[in-house]
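> what follows is a predicted protein model with its sequence.
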Amino acid sequence: MQQIGSGLNGLGIGAFTLDWSVVAAFLGSPLVSPFFAIVNVLVGFVLLVYIIVPACYWGLGLYDAGTFPIYSTDLFTGAGQLYNITAIVNDRFEIDMGAYAQQGKIHLSLFFAISYGLGFASIAATLSHVALFYGKYVLHLHITAPRSIDRSVPARHGCDDSSVCCAGRYTRGSGSRTTASRTCTRG
């Protein structure tokens, strides 16, 4: 029952609050975000926490999920015990493969594993979306941008030569910029 109702170590089903710090925690202030963004986050949360994770944990038994807590950021051994990371790392903070083989593989809780997987999938989906829907435009900009630079305009900060990198704040000399050393006068 703790896995279902606990907000600390479980899914938090039935947890309800009107505390503004909790309401504003998931996406910033709901007064600033557009309504569709709030609904999008809510639908994703409900799908992940109340449908996908319970189905994978109790229904499918994915990754021997019953051996580990449903919601935890800790690392575990195959038997469900906390993983002793210091036992597999040497004094130079490198992995000791012999000790790793002795202690066994590292296991994650199901919620943590699914969250990581969906996070990486969302990055891949974003890159795929940009490539499919805006790829021609991005490629066009990449090809034409170097040709569209106006080289006759001096570089920023009052530098005379666009190939000279000027750092800091510069001012013009008496009527014109300094040209003798191809640098600018510091102000």
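Looks like it came in fine.
> tell me where the protein has strands.
Secondary structure of the chain (DSSP state E): strands at 75-76, 107-108, 170-171, 185-186.
> mind telling me which of those strands the model trusts least?
Mean pLDDT is lowest for strand 170-171 out of the strands of the chain, coming in at a mean of 44.
> and stretch 64-76, what's buried?
65, 67-71, 76 (16 or more other C-beta atoms under 10 Å). Using the backbone N, CA and C atoms, a C-beta is placed for each residue, glycine as well.
> which of those residues sits closest to residue 43?
residue 71 (19.8 Å; C-beta to C-beta).
> pLDDT score for that closest one?
82.
> for the most centrally placed residue in the chain, give me its contacts.
When C-alpha atoms, centre = their mean is applied to the chain, the residue found nearest the centroid is residue 119 (7.5 Å). By C-beta atoms under 8 Å, 6 or more residues apart in numbering, the contact set of residue 119 is empty.
> for residue 92, see how far away residue 145 is.
Distance of residue 145 to residue 92, computed by C-beta to C-beta, to the nearest Å: 45 Å.
> in the chain, what secondary structure element scores lowest on mean pLDDT?
Every helix and strand of the chain was ranked by mean pLDDT, DSSP states H and E. The lowest is strand 170-171, at a mean of 44.
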